[in-house]
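# Sequence unavailable; structure follows:
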């Protein structure tokens, strides 16, 4: 993922305590396409002056608290919208894997910081 190219300290990424990803509502394997499909919705109240990057991760298990481990990066989606449903597809069969995502708002302004959400709640891929 690319961030701001400015060398100013204000262009660094920080981790936000609030989750920007509302939820991943469905994750299933499409055998005909040989792809795992992930659907959900994200929302932010932040005024966008840049792009939103949704990054998706897979984990074979969840930790003791029930959170995904983000073992493998699957890919990303990019948008300029602050509220939207999304659909992401990953190659192959990830049945029984746990999928989670983060959202990063990458600011075009050198005076605003990029903001990255915590990892979303995980959902298990169904056949």
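Cool, got the structure. Bear in mind the structure is a predicted one, so any value in this text is a computation, not a measurement.
# pLDDT below threshold where in this structure?
Counting by pLDDT under 70, the chain contains low-confidence residues at 1-22, 46-48, 110-113.
# where do the strands sit along it?
13-15, 21-30, 35-43, 50-59, 72-79, 83-91, 98-107, 114-116, 123-124 (DSSP state E).
# Out of those strands, which one sits most buried?
strand 98-107 (a mean of 24; mean count of other Cβ atoms under 10 Å). C-beta here means a position set from N, CA and C on the backbone, and glycine is covered the same way.
# Give the other helices and strands that that one contacts.
Where contact means 3 or more Cβ pairs under 8 Å, 6 or more residues apart in numbering; DSSP states H and E, strand 98-107 is packed against strand 21-30, strand 35-43, strand 50-59, strand 114-116, strand 123-124.
# how far out from the middle of the chain is that strand?
Between the centre of strand 98-107 and the centre of its host chain there is 3 Å, according to Cα atoms, centre = their mean, to the nearest Å.
# if we look at stretch 26-35, which residues are touching it?
For stretch 26-35, the external contacting residues (Cβ atoms under 8 Å, 6 or more residues apart in numbering) are 36-40, 89-95, 99, 123-127.
# cutoff 10 Å now
Residues outside stretch 26-35 that contact it (Cβ atoms under 10 Å, 6 or more residues apart in numbering): 36-40, 56, 58, 87-100, 122-127.
# circling back to that earlier point, wait, which of the helices and strands packed on strand 98-107 is closest to residue 83?
strand 35-43 (4.8 Å; Cβ to Cβ).
# The closest one pairs with which strands?
Strand 35-43 has its sheet partners listed here by DSSP bridges as strand 21-30 (antiparallel), strand 83-91 (antiparallel).
# ok, residues contacting the last one?
Put plainly, it is strand 83-91. Outside strand 83-91, the residues that touch it by Cβ under 10 Å, 6+ apart are 21-22, 24-27, 29-30, 33-45, 52, 54-56, 58, 72, 74-77, 79, 97, 99, 101, 103, 125.
# any idea of the angle it forms with strand 72-79?
140 degrees (axes from the mean of the first three to the mean of the last three Cα atoms, to 10 degrees).
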